[in-house]
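Student: This is the structure alone, sequence omitted:
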């Protein structure tokens, strides 16, 4: 009886660990090879999220988008566009400069309605003027 209980516990632990690792690493996408589903300006997408968060989440969440605007701040691998779009770059890019026009591609991961900020990850530069 003890063997069955121990075996059952071990199986449950193994399944839990497997699910945990799948959640962290199994769903990884390579955005650099994906086409952007939407091409938007930072002003337009911010306006959409401000007017209807639920509808915008359904439209953009977890999708690859190309977004363009003006770089307002650079903090290591994080680029902020028009003070409202936070893009976490995959790789550090020293060609990005403050106040330049830029188009980045990334995955929409969420919108913070309190701060009115849209967050993207796995971003890469498509064009910087």
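Tutor: Arrived safely. All of these numbers come straight from a predicted model, not from anything done at the bench.

Student: where does the protein have low pLDDT?
Tutor: Applying pLDDT under 70 to the chain flags the ranges 23-29, 129.

Student: Show me where this protein has its helices.
Tutor: 2-21, 42-51, 53-60 (DSSP state H).

Student: Which of these sits closest to residue 91?
Tutor: helix 42-51 (21.3 Å; C-beta to C-beta). To be clear about C-beta, it is placed using only N, CA and C from the backbone, and glycine gets the same treatment.

Student: So which bits of that closest one are buried?
Tutor: Within helix 42-51, the residues that count as buried by 16 or more other C-beta atoms under 10 Å are 42, 45, 46, 48, 49.

Student: Among these, which one sits closest to residue 90?
Tutor: The closest of these to residue 90 turns out to be residue 42 (C-beta to C-beta; 19.4 Å).

Student: so the closest one sits right up against residue 80, yeah?
Tutor: No. Taking C-beta atoms under 8 Å as the definition, residue 42 is not a contact partner of residue 80, at 9.8 Å.

Student: excluding its backbone neighbours, what's nearest residue 32?
Tutor: Nearest residue to residue 32, sequence neighbours excluded (C-beta to C-beta, 6 or more residues apart in numbering): residue 124, at 5.7 Å.

Student: ok, that neighbour touching residue 106?
Tutor: Yes. Taking contacts as C-beta under 8 Å, residue 124 lies within contact range of residue 106: 7.2 Å.

Student: Looking at those two, which one has more neighbours?
Tutor: Set residue 124 next to residue 106 and count neighbours by other C-beta atoms under 10 Å: residue 106 wins out with 26 against 14.

Student: who's in contact with the more buried one?
Tutor: Taking C-beta atoms under 8 Å, 6 or more residues apart in numbering as the criterion, residue 106 is in contact with 31, 64, 65, 67, 87, 88, 120, 121, 122, 123, 124.

Student: do the same with residue 66
Tutor: Listed by C-beta under 8 Å, 6+ apart, the contact set of residue 66 reads 36, 38, 39, 40, 103, 104, 105, 126.

Student: Let me know the closest of the residues you listed to residue 113.
Tutor: Nearest to residue 113 out of the contacts of residue 66 is residue 40 (C-beta to C-beta; 18.1 Å).

Student: and that closest one, what does it touch?
Tutor: By C-beta under 8 Å, 6+ apart, the residues touching residue 40 are 65, 66, 67, 68.
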